[in-house]
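> Just need the structure, nothing else, for what follows:
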Amino acid sequence: MKILFLKNVPRVGQVGEVKEVAQGHANFILKSGAGIVATDSILKQHIKKIEEASMKAKGEESMAHEIAKRVDGKIFRIMGGANSKGSLYKAFKKHDVQEAITKEIIVAVPENFLEDVNLKLTGKHKLNLVYKGKILTTFEIEIV
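Next up, the predicted model:
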């Protein structure tokens, strides 16, 4: 029986795979909710989902490169209260950096495009714009 795996089943099949399995295995997989019978209509739906995910990934990647062009080498300023030694009263995190960039370039920057940061001092800080672990460009945050 042909099964579309919805969950990983060790030594039998992985999520998204379509495999011909023995009736006994098929019964177990169907009852446990780890798969469904792979009819023609189910297979068409599965292929459509894969294509949609691929299109979304391509769109996200082109968006990351467009944002990288806009922030490349720029300095973004954030106002922060600090003591006389330059230590901030409140640390700035990824979300704060995201807001500062979004205000300046007028394009929403997804948080997953930025590295985790914990800025606690005034001055300039070099940061990276990343996409899937790859550094696309570098920019600076200046806290005054």
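> alpha carbons only for contacts and neighbour counts from here, please
Fine.
> for the chain, what helix or strand is lowest in average pLDDT?
For the chain, scoring each helix and strand by mean pLDDT, DSSP states H and E identifies helix 40-71 as the least confident one, at a mean of 85.
> Give the other helices and strands that whichever helix or strand comes after that one contacts.
Counting by DSSP states H and E, the next helix or strand C-terminal to helix 40-71 is strand 75-78. Counting contacts by 3 or more C-alpha pairs under 8 Å, 6 or more residues apart in numbering; DSSP states H and E, strand 75-78 packs against helix 94-105, strand 134-143.
> what about 6 Å?
strand 134-143 (3 or more C-alpha pairs under 6 Å, 6 or more residues apart in numbering; DSSP states H and E).
> Does anything pack onto the helix or strand where Ile29 lies? Which helices or strands?
Secondary structure assignment for Ile29, by DSSP H and E: helix 23-32. If you count contacts as 3+ C-alpha pairs under 6 Å, 6+ apart, helix 23-32 packs onto no helix or strand.
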